[in-house]
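1. Predicted coordinates and the sequence they were generated for:
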Amino acid sequence: MIEAKSTVLLEHHLKVLKLPSMLREYGSLAASCGKENVDYATYLLRLTERELLERERRSAERRIRAAHFPSLKTLDTFNFKAQPSLNESLVRELLVGEYITRRENVLLVGNSGTGKTHLAVALAMSACAQGRNVRFSTVTQLVTALLEKREARSLEKFHQQLERYHLLVLDELGYVPFSKAGAELLFDVISRAYERTSLIVTTNLPFAEWVEVFGSERLTGALLDRLTHRVHILESNGESYRLKEARRRGRESGRSVEESDDLENRTGG
Ligand code: ADP
Ligand code: MG
């Protein structure tokens, strides 16, 4: 009877304290710890560890949802053998996330379909799991948002929101050239991120061609200066993975390579 009362009270307290994992598991863990003959402190340690792990898992999930990734990709599904030009050990080092602590940037340069977005998302998802706040957007989406915010006179507020992230992913720089205003607004984001927020930028453009996209030599110089001051460059200049996969599927189903090439052209960057 007394035991039942203490159980009811305990469960009530755990609810009030918002410790759902401890509430769910205190009974079964008590039984297994009893069998193992572990002391009370160890029991409590194991129980609190479960609460902590569950809490970390949930907040990583929240961060991943808030980042707005186009699709969820990890290194588990990335085939490094298909992209031999890529520096695998650098990718694995970046996965640990210290570059974010050091406010360094990552630049992924390479042809279409060579896994740049996949790698950017994988790195950014790993950052989410490490407790970093992340935002993913294509450069076009970001520039459109910046132009809208400027129109609505809420640009400064938007900049302040962006500054709360530890990591910004800017995907597909150079696919679409932008207006002078767009280029300047993007420059402001990169400039304000300097030594404050890490950036992962993906692009199909070699540096020499950036001037064409930004329209101004002065602006491009200043931008490259900030972006590359502390940067890790990953180059993936092999064959398009999509094209290779389409070829392979084509061979299996008897479809011609030309049809597969066509597919690659349609799916684009
Ligand atoms: P990019 O951004 O460079 O154009 P993506 O990252 O979008 O290329 O890759 C295109 C598709 O091919 C994606 O579905 C991606 O997951 C897949 N992919 C690309 N490279 C690899 C790879 N080396 N291993 C596994 N999947 C890959
Ligand atoms: Mg891409």
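-> Nice, thanks for sending it over. As the structure is a prediction and not an experimental result, all values here were calculated from the model. Ligands and ions are numbered 1, 2, ... in the order given.

2. Show me what from the chain comes close to ligand 1.
-> 73, 77-79, 82-83, 110, 112-118, 241-242, 269 (CB under 6 Å from any ligand atom). Yep, even glycine has a C-beta here, placed from its N, CA and C like the rest.

3. Quick check: Gly174 touching Val213?
-> Yes: look at Gly174 against Val213 with CB atoms under 8 Å: they come within range, at 5.0 Å.

4. Tell me the helix or strand right after the single longest helix found in the chain.
-> The residue-count maximum for a helix in the chain (DSSP state H) belongs to helix 40-67. As assigned by DSSP states H and E, the chain's next helix or strand after helix 40-67 is helix 88-95.

5. Can you list the buried residues in that next one?
-> Val91, Leu94, Leu95 (16 or more other CB atoms under 10 Å).

6. and what of stretch 216-233?
-> So stretch 216-233, judged by 16+ other CB under 10 Å, has buried residues Leu219, Thr220, Leu223, Leu224, Arg226, Leu227, His232.

7. Local confidence estimate at the fourth one?
-> Looking at Leu224, its pLDDT is 90.

8. In which helix or strand does it reside?
-> For Leu224, the host element (DSSP H and E) is helix 217-227.

9. Could you check how far Lys5 is from ligand 1?
-> Remark: distance between Lys5 and ligand 1 (CB to the nearest ligand atom, to the nearest Å) = 56 Å.

10. for that residue, helix, strand, or coil?
-> Here Lys5 is helix, with the state taken from DSSP: H, G, I helix; E, B strand; the rest coil.

11. can you check Asp171 too?
-> Applying three-state DSSP: Asp171 is strand.

12. who's it bridged to?
-> Here Asp171 sits in beta bridges with Thr138, as judged by DSSP bridges.

13. what number of residues lie near it?
-> Applying other CB atoms under 10 Å, we find 25 residues neighbouring Asp171.

14. likewise Arg50?
-> For Arg50, using other CB under 10 Å, the count is 16.

15. For the closest residue to it other than its chain neighbours, give its distance to Thr77.
-> Closest residue to Arg50 apart from its sequence neighbours, by CB to CB, 6 or more residues apart in numbering: Ser21 at 4.9 Å. Relative to Thr77, Ser21 is positioned 29 Å away (CB to CB, to the nearest Å).

16. re the thing from before, contacting residues around the helix holding Leu224?
-> For helix 217-227, the external contacting residues (CB atoms under 8 Å, 6 or more residues apart in numbering) are 105, 107, 183-184, 187, 190-191, 194, 199, 201, 207, 210-211, 214.
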